[in-house]
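**Student:** what follows is a predicted structure for the sequence shown.
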Number of protein chains: 2
Amino acid sequence: MADDRLSLVFSALADPTRRDIVARLAAGDATVNELAAPYDVTVQAVSKHIKALEEAGLVSRSRDAQRRPCHLEAEVFDLMTKWIERYRREAEDRFRRLDVLLEQMGGQPATGAPTTEAAS
Amino acid sequence: MADDRLSLVFSALADPTRRDIVARLAAGDATVNELAAPYDVTVQAVSKHIKALEEAGLVSRSRDAQRRPCHLEAEVFDLMTKWIERYRREAEDRFRRLDVLLEQMGGQPATGAPTTEAAS
DNA sequence: CGCATATTCAACCGATTGGTTTAGTACCCT
DNA sequence: AGGGTACTAAACCAATCGGTTGAATATGCG
């Protein structure tokens, strides 16, 4: 797998267990054991998932005795949203131009054309 | 790999070549051959990439003689942004509450606190 | 110290991935 | 019909993934 930041983030979130971990961390920091509890896989497997999230920059960890509390680094989400929004906007602009063109040609407007507050 | 929609979309975008294909499709529809041209992999490999994007719902295809023009379905991006924004918001709200709490306790405000127009 | 708890490391396993080559299908043109 | 172009399917391969078990490390507690 490519090791650039965006690839790491996307592939970290491609796994439902890891997305669930992120969702739970959004509600508050938690230790590996706490995070592992709800799943029916071993704590080692969860430890690996957390490591993947950490390498993607989505999670950071501190130390509290033998515990390693995990903390969600939500800023990394920006990297994704920026990428997504950029191309979504391009695609929608293009669609809108096409729509205008079709109207000028006297045809029906294209169906499902995104509006200015597209896909809120 | 999990086959729920969100997993398919995230893992489709975890590959830099596929992200590049999406970026190029945002500028306009293109055929498999056109898309494959810039990369130094075989057209079959690109065909597979496009299939992955298609299965994630990011790309649709029509038919034009022997050509199969690819079209970006930007609406699917919403699925991701919704997921991302939800947990980012939760995490930031939590961070802000902590920040307020620290101030009430007379300490320094936490550093790097997200503002209301967080990480623009 | 000795033991329990929390976490990681290492080795292994089957499934999946991204790539290849080779072959097949679909369509146009003469 | 025959041949070229665009694309997909199939079989294969090395690398990675998500999981396991078992052992190691780090810390707190009596």
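**Tutor:** Yep, it's here. Numbering: from 1, shown residues only, chains lettered A, B, ... in the order given.

**Student:** tell me what the longest helix seen in chain A is packed against?
**Tutor:** The longest helix of chain A (DSSP state H) is helix A:77-104. For helix A:77-104, the packing partners by 3 or more Cβ pairs under 8 Å, 6 or more residues apart in numbering or on different chains; DSSP states H and E come out as helix A:5-12, helix B:16-26, helix B:77-104. The way it works is simple: take the backbone N, C-alpha and C, and place the C-beta from them, glycine included.

**Student:** first vs last residue of stretch A:21-38, how far apart are they?
**Tutor:** 10 Å (Cα to Cα, to the nearest Å).

**Student:** ok, that stretch near DNA strand D or not?
**Tutor:** No - using Cβ under 7 Å from any atom of the strand, stretch A:21-38 stays clear of DNA strand D, coming no nearer than 9.3 Å.

**Student:** could you list the buried residues of that stretch?
**Tutor:** A:Ile21, A:Val22, A:Arg24, A:Leu25, A:Ala26, A:Asp29, A:Ala30, A:Thr31, A:Val32, A:Leu35, A:Ala36 (16 or more other Cβ atoms under 10 Å in any protein chain shown).

**Student:** tilt between the longest helix of chain A and helix B:77-104?
**Tutor:** Helix A:77-104 and helix B:77-104 are oriented at 140 degrees to each other (axes from the mean of the first three to the mean of the last three Cα atoms, to 10 degrees).

**Student:** mind listing what's buried in helix A:77-104?
**Tutor:** Residues A:77, A:79-81, A:83-84, A:87-88, A:90-92, A:94-96, A:99 are the ones in helix A:77-104 that count as buried (16+ other Cβ under 10 Å).

**Student:** show me how far that helix is from its chain's centre.
**Tutor:** Offset of helix A:77-104 from its chain centre (Cα atoms, centre = their mean, to the nearest Å): 19 Å.
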